[in-house]
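Participant: pasting a predicted model and its sequence here:
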Amino acid sequence: MYLDDTIAAVATAMGEGGIGIVRISGSEALPILGKVFCSVKKSYVKGGQIENDAEMPDAKKLFLPDATGETIGLPIENRRLTYGIVTDNFTGEMIDEVMAVYMKGPHSYTAEDVVEIQCHGSIVSLRKILALVLKNGARLAEPGEFTKRAFLNGRLDLSQAEAVIDLIRAKSDKTFDVALDQLEGKFSKKIKEIRADLVDILVNITVNIDYPDEDIEVITYENLVSGLTGVKTKVDAMLATADTGRIIREGLNVAIIGKPNVGKSSLMNALLKETRAIVTSIPGTTRDTIEEAVTIRNIPIKLTDTAGIRQTDDIIEKIGIEKSKESFNKADLVIFMVDNSTPLNAEDYEIMENIGDRKVIVIINKMDLDSKVQRTEVEARLPKAVIIEASIANDMGIDRIEEEVENLVYGGEVKQGDSMMVTNVRHKALLEEASQSLADAIGMAQIGEALEFLEIDVNRAYEVLGQIIGEAVEEDIINEVFARFCLGK
Amino acid sequence: MERILMGEYDVIVVGAGHAGCEAALASARMGMKTLMFSINLEAVAMMPCNPSIGGTGKGHLVREIDALGGEMGKNIDKTFIQSKMLNTAKGPAVHSLRAQADKHKYHVEMKKTIEQTPNLDMKQGEVTDLIIEDGRVCGVITKTGTYFTAKAVILATGTFLRGKIFIGSSAYESGPNGLAASTELADNLKAHGMNLRRFKTGTPARCLGSSLDYSKMEPQYGDEKIVPFSFMNDEVGENQALCWLTYTNEETHKVIRANFHRSALFGGQIEGIGPRYCPSIEDKINRFADKERHQTFIEPEGLDTDEMYIQGLSSSLPEDVQEAFYKTIPGLENLRIVRPAYAIEYDCIDPQDLKLSLEYRTIENLFCAGQFNGSSGYEEAAAQGLMAGINAALKIQGKNPFILGRDEAYIGVLIDDLVTKGTNEPYRIMTSRAEYRLVLRQDNADQRLTEKSYQIGLATEERYQRFLAKKEAVAAELARLEEKTVTPAQANDFLEAKGTSAIAGRVSLAELLKRPQITYGDLAEIDDETRPELSAHEITQLEVQIKYEGYIQKQQAQIARHKKLENRHLDESLDYSQIEGLRIEAVQKLNQIKPNSVGQASRISGVSPADINVLLVYLEKKKRGQ
């Protein structure tokens, strides 16, 4: 809600398009760019021709800005695209090749200093860059906030005021819904548990500060350190899952399974909308599992095309089959494909047995050929499955498949959801802030700093975690103090 | 009945408790011809409950009242019999002063001050109605048919308004401490359209000290070195009394449990809402059934009386049960009760009907303060009384209201909480309610507030000069300590003796003072003749500024971030239903509260961040439209 901090967000639609833009607005925009971006003189103009410098950029060739982020030494000029690399300034990891542009306020969209980083349109890249920018001090923009700032800073026409309000209203309400939707599960439960731990600690601090005369247990620094460390461990564990992938970062794990030549690679290509896996009719062509990140209806998905699981003596193929089984076991959703033109066989039955209770979409492929498969037989063995009849080669049924994937993720309630990823980046940034606040509080408890000082950081962690699940702090703590302790004059 | 005009005043204060006294004094000191009413002049600055002033958060309020030129701090400095700084094991932001008062002397001294204050009249009498013309208050009517005109009226009726006392199954109309209740006024306020509701509080029994066995209790001492409440005092008197600590036990709880049904609290007679932080003993035992004992401090009511206050054990049980359960407590076996415990219910307003200036929203020039606003505690009352007095005077002078921000004073937190968030129980201040606790310390209340008060014409020249002198002395010494360095040869023996690490090169005294093991007093050992003589107030201030610089700066930055929204003024005439895009709930709340600033609006429950954005867009649109 602050008016003059620096905000950032992905400015392009998530998961679509070849290029994505991360936009940063505010007084810290340029200094943040300075911390994460290195311009590279990889190509230059010589005699009217663009010459390429064959060498890959190394540290010496990078034009690093100075630590203060001042423009001195920074090869970024106002309103000029600069080519370079975004590097994680905490880990040194190179993230993406990008074009960056700086637009000095007031001559920018928001009339503040604005930086845009144009990177490859993949979700992973966009998300990593945004997360990095947030980690360097920007706050994730609220829905419509760039436009709001533009208006408040006099950039937009008065007639656009209504549109700005619509934007604030519509987007924020939707984001909230999506956020809630995601939070049905374990995630929100976990956050609530962590907050409950923090309430215990905060209530103790509060009662110790405000009721020094009461007959209550005096809080010790040992207890504080161990309590806070316990909470921090939980926050960090959540952060770790955000880092290793899974739905929060890399999307839903979907494994495509089925006996050889049933059309798995064709399905994958159809979903990718391009040809990548090798498609032949010789069983076992897919020698390894193929993983692809795709977006289906804006849902980030890690799609694994497995190399069938038939018995084989071929060693290389065997490795592939082991890998298939592994990705099958990790999958959040299984797409099981059946060939309509050949009767179900032992391999199909084995797969169905392995699927058991898992979330599954069964695709009966090659519906254009004579039917040798009884739909009822599949239904009998997999009563919870969603069954779709398709002919992938003829582009029939793809829409249904996409729709079902979406339904499974959103429970059919949310139709457009680029905010899903944004909220996740937001979650990660907030979890990181909570972890940092807790680390600060633990540090203070270790040196025996006064309670009221370390309370600020504990409270901050509590507040930040509350923002993830949309719960305000307000009177929580004070109410709990009176609920738990018998106090009186 | 023919009404008789008995006087013409600028400001009339109804009630002479802690709110009323501060209101009347502030108004008179700001040059307003002021009249203060009390049903009984024996009730001036009466302490009908605990015999102490201050405590966590409350001590901060007293310091602020003093810094603004109020009376509470000076009066307790004159009349305390034991004093203690609480929370000294914690950081400076939560150090809180608390003093046991000689109740009667407290009343006498306050009354004397009022009698001697120019422009201030005091009258025994019951105000039964307000004179309101065209939505503006212009006088009061008394029970005897007289009337007095006024440009502004301040209501500070405490627990007198339709006061009702409960002891066991008996319930009768009464003000506190056996004084008469005021009923007609309540009816007339309702007739004037004010919404009244019922709150409840209670007090324990008083017994004779001579009937107690102190050998079974632990003595509680005051501080050796007493810190005065008032910034005007460098030295105050000495501790003259002890308090005692003892505990309830299973036997006590058994007696109370067996008689739950005879308590007014559980009998359903009491409709008012009591505070959770000040529950009666039956409530404590009911809610915390597994707690084996409850502590109680036995505190003297004064030096000229043998009456003792049994802290923590208020009750609305019948007298026979009271006597029985008190007697189960070690040291109290033979106690003789002289005043029974009771619960009291009273009328008060919803503070959300007030503006931040404490003016009633729908009746111009009517200001409200204290328990009447839904607060609890002498200090909370006094703070509001002072602010109501100041704002009544400013309103008459045609000046802007004096409103303290949440980042400026606990008084600001108190009033903003009441007016913006409202309260469902008698409101008590706590340091935890202040989000900027680190800067709102009791040691710097004068630095935060005295200049402001001087500018509006309340703080005296003497106080202002004292404030300036302290400010300069602290600044000068701070600069000197940063300048003055010592060598390892000069300092290392001293540092070793203090149990802190040696230095390798020249280090400033300021740098050394940052170490937790070293106080300003200690530094004298390695300092030179340029070291000045500082007062205790000045030393505290200096130490806090140096030792906690980092944290304080962090909090200042936090305040600065919120400042923009706090400074974005919202006009009172704004009709929020005309703003497109606000949700209905937000419109209702905003129209009810009529916030002063966007910052205040953002604290109203039911107003979302998106609503605030819509509001900002609206303001920009309006600005450009002009």
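Facilitator: Nice, I can see it.

Participant: for the closest residue to B:T450 other than its chain neighbours, helix, strand, or coil?
Facilitator: Sequence neighbours aside, B:F467 is the residue nearest to B:T450 in space, at 4.1 Å (criterion: C-beta to C-beta, 6 or more residues apart in numbering or on different chains). Using the backbone N, CA and C atoms, a C-beta is placed for each residue, glycine as well. Here B:F467 is recorded as helix under DSSP: H, G, I helix; E, B strand; the rest coil.

Participant: select the longest strand from chain A.
Facilitator: For chain A, the strand that runs over the most residues, judged by DSSP state E, is strand A:94-103.

Participant: residues in contact with that one?
Facilitator: Strand A:94-103 is contacted from outside by A:29-30, A:33, A:37, A:39, A:76-88, A:109, A:113-120, A:125, A:128-129, A:132, using C-beta atoms under 8 Å, 6 or more residues apart in numbering or on different chains.

Participant: buried stuff in that strand?
Facilitator: By 16 or more other C-beta atoms under 10 Å in any protein chain shown, the buried positions in strand A:94-103 come out as A:95-98, A:100-103.

Participant: what's the answer for stretch B:528-539, then?
Facilitator: For stretch B:528-539, by 16+ other C-beta under 10 Å, it's B:534-535, B:537-539.

Participant: secondary structure, distance to chain A and pLDDT for those - can I get that in TSV?
Facilitator: Compiled in TSV, these are given as follows (DSSP: H, G, I helix; E, B strand; the rest coil; distance: C-beta to the nearest C-beta, whole Å; pLDDT from 0 to 100):
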residue	secondary structure	distance to chain A	pLDDT
B:L534	coil	23	92
B:S535	coil	24	89
B:H537	helix	20	86
B:E538	helix	21	92
B:I539	helix	18	93
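
Participant: what's the most distant pair in these?
Facilitator: The largest separation in those, counting by C-beta to C-beta, is between B:L534 and B:H537 at 8.5 Å.

Participant: so the host helix or strand of A:V115 versus strand A:94-103, what angle?
Facilitator: Assessed by DSSP states H and E, A:V115 sits inside strand A:114-120. Interaxial angle of strand A:114-120 relative to strand A:94-103 (axes from the mean of the first three to the mean of the last three C-alpha atoms, to 10 degrees): 140 degrees.

Participant: elements contacting the following helix or strand past strand A:114-120?
Facilitator: Downstream of strand A:114-120, the next assigned helix or strand under DSSP H and E is helix A:123-135. Using 3 or more C-beta pairs under 8 Å, 6 or more residues apart in numbering or on different chains; DSSP states H and E, the elements in contact with helix A:123-135 are strand A:7-10, strand A:19-25, helix A:29-36, strand A:94-103, strand A:114-120, strand A:290-296, helix A:419-446.

Participant: can you redo those as CSV with mean pLDDT?
Facilitator: Putting these into CSV (pLDDT from 0 to 100) gives the following:
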stretch, mean pLDDT
strand A:7-10, 88
strand A:19-25, 90
helix A:29-36, 87
strand A:94-103, 88
strand A:114-120, 91
strand A:290-296, 68
helix A:419-446, 79
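
Participant: how many neighbours does B:L574 have?
Facilitator: Neighbours of B:L574 under the rule other C-beta atoms under 10 Å in any protein chain shown: 16.

Participant: once you drop chain neighbours, what's closest to it?
Facilitator: Closest to B:L574 by C-beta to C-beta, 6+ apart is B:K594, at 7.5 Å.

Participant: from what I can see the one you found touches B:R361, true?
Facilitator: Yes: counting by C-beta atoms under 8 Å, B:K594 touches B:R361, with 7.0 Å between them.

Participant: more neighbours, those two?
Facilitator: B:K594 (19 against 15).

Participant: chain A contacts on the stretch 301-450 of chain B?
Facilitator: Contact residues (C-beta under 8 Å from any C-beta of the partner chain) of the stretch 301-450 of chain B with chain A: B:311-312, B:314, B:430-433, B:437-438.

Participant: name the nearest of the residues you listed relative to A:V235.
Facilitator: B:S432 (23.2 Å).

Participant: identify the residues contacting the closest one.
Facilitator: For B:S432, counting by C-beta under 8 Å, 6+ apart, the contacting residues are A:206, A:209-210, A:477-478, A:481.

Participant: quick one, domains of the chain?
Facilitator: Went with chain A since none was named. Chain A resolves into domains spanning A:7-156, A:186-245+A:419-484, A:248-410 when parsed by automatic domain parsing.

Participant: my question was about chain B, not that one.
Facilitator: B:4-199+B:346-455, B:206-345, B:461-551, B:568-625.

Participant: many thanks, have a good one.
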